[in-house]
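> need coordinates for the following:
(one chain, ligands or ions: 1)
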Amino acid sequence: MIVVFGNGQLGQELVRASAARAMPLVALSHAQTDITDRAAVREALKRHNPSLVVNAAGYTKVDLAETETEQARHANEVGPAIAAAACAAAGVPLIHLSTDYVFDGSKSAAYVEGDPIAPINNYGRSKAAGERATRETTPLHVIIRTSWVYGEFGQNFLKTMLRLAATNDELRVVADQRGCPTSTPELAGAILRITPQLLGGDKIWGTYHFTGSGVTTWHGFAKRIVAAQAPLTGRAPRVTPITTAEFPTPARRPANSALDCSLFERVFGFRGRPWTEEADAITRAVAGAVTGKQPHVA
Ligand SMILES: NC(=O)c1ccc[n+]([C@@H]2O[C@H](COP(=O)([O-])OP(=O)(O)OC[C@H]3O[C@@H](n4cnc5c(N)ncnc54)[C@H](OP(=O)(O)O)[C@@H]3O)[C@@H](O)[C@H]2O)c1
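Numbers count the residues shown, from 1 in each chain. Just a heads-up that it's a prediction; the model follows:
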């Protein structure tokens, strides 16, 4: 049995992906198990007796984290420390999710795992602290840093673009921040695919980067989404590139947060599919569900 803390975008996708693979898995929502509650976490492990825990719980509101500092710190640092301690006490391996936003974005190439972290916003700082707590608390950990996560569940950039495309004739989207969009089916699939290796006792503990393949900007991502939804919705708004300076947000974001996933590929033997293919498929699934038209998934 795999226990997942958090039932957001990734948690819900893990439920779907595990059912398709007939792998027993339960995803516990915030209401079911608050990872900052030591007794509740211990009780969840006792009840489900997992062979693996995935910590997909977190505070992910990047801009709000600038003011809700304590909430972000609790969910992203205190909670992971408690989850890691419970896993260590039970001898259960832990996969913990982290983010590209632990980097400052000043590197021109994609970031490798060993690059120094230097977060430039509160969300990134809280996630960096969560990574540290996980590493220091349990040796049986895999930390997966991922980025620009989107899928059919929860809220994300792709859904925001679809909503705006339905009513606006122009979408103005930041074109000077680079990163790697990652679909939840890709991420959930990768987690379930590496599980047997972790449970098989392979000594592959540590920190890895895993994202969709390829790098783009938010503008490039938006253009792809808009193009993929047009045949289903008949909507074809212009997608205009703008600079970060033209779209000020409470939280600063790294100009480059592309992650180099070659370590993951060397160790586990596979990489994420091209982000373009995943963006097309998810756009068609989400837009198709709204319009009632069948998505043409290849
Ligand atoms: N989304 C991204 O673009 C992105 C990028 C890089 C890395 N990540 C990381 O990937 C992981 C999964 O992200 P996601 O996109 O699935 O996020 P999400 O959709 O926001 O889901 C996170 C879930 O965690 C729950 N949660 C918050 N505090 C909790 C607590 N104290 N105890 C238990 N559950 C709690 C939330 O519930 P409530 O909403 O009810 O509080 C929410 O359902 C996170 O670690 C995130 O930092 C995400």
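> which SS class is residue 89?
helix (DSSP: H, G, I helix; E, B strand; the rest coil).
> how about residue 142?
Residue 142 is classified as strand under three-state DSSP.
> give me phi/psi at residue 274?
phi -50, psi 130 (degrees, to the nearest 10).
> can you tell me which residues contact it?
Listed by Cβ atoms under 8 Å, 6 or more residues apart in numbering, the contact partners of residue 274 are 212, 213, 214. In this view, the C-beta of every residue, glycine as well, is placed from N, C-alpha and C.
> let's see it at 6 Å
213, 214 (Cβ atoms under 6 Å, 6 or more residues apart in numbering).
> quick one: the strands in this protein?
Secondary structure of the chain, counting by DSSP state E: strands at 2-5, 25-28, 52-55, 94-99, 141-146, 149-150, 170-174, 178-179, 182-183, 206-209, 216-217, 238-242.
> could you dump the ones you listed to JSON lines with distance to residue 132?
As requested, those are exported to JSON lines (distance: least, Cβ to Cβ, whole Å):
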{"stretch": "strand 2-5", "distance to residue 132": "18"}
{"stretch": "strand 25-28", "distance to residue 132": "24"}
{"stretch": "strand 52-55", "distance to residue 132": "14"}
{"stretch": "strand 94-99", "distance to residue 132": "10"}
{"stretch": "strand 141-146", "distance to residue 132": "10"}
{"stretch": "strand 149-150", "distance to residue 132": "21"}
{"stretch": "strand 170-174", "distance to residue 132": "30"}
{"stretch": "strand 178-179", "distance to residue 132": "23"}
{"stretch": "strand 182-183", "distance to residue 132": "23"}
{"stretch": "strand 206-209", "distance to residue 132": "11"}
{"stretch": "strand 216-217", "distance to residue 132": "30"}
{"stretch": "strand 238-242", "distance to residue 132": "35"}
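> so what's whichever residue of the chain sits closest to the ligand up against?
The minimum distance from the chain to the ligand, using Cβ to the nearest ligand atom, falls at residue 8 (1.8 Å). By Cβ under 6 Å, 6+ apart, residue 8 lies in contact with residue 154.
> who does the closest residue to residue 19 other than its chain neighbours bridge with?
Spatially, and ignoring its direct neighbours in sequence, residue 19 is nearest to residue 25 (8.0 Å; Cβ to Cβ, 6 or more residues apart in numbering). Counting by DSSP bridges, residue 25 forms beta bridges with residue 2.
> okay, now residue 25: neighbour count?
24 (other Cβ atoms under 10 Å).
> ok, which stretches of the stretch 1-150 of the chain are helices?
9-20, 38-48, 69-73, 79-90, 122-137 (DSSP state H, counting those that start in this stretch).
> no, scratch that, I was asking about the stretch 151-298 of the chain
Going by DSSP H, counting those that start in this stretch, the stretch 151-298 of the chain shows helices at 157-167, 184-199, 218-233, 262-268, 275-291.
> report all helices and strands that the third one contacts.
For helix 218-233, the packing partners by 3 or more Cβ pairs under 6 Å, 6 or more residues apart in numbering; DSSP states H and E come out as helix 157-167, strand 170-174, strand 238-242, helix 275-291.
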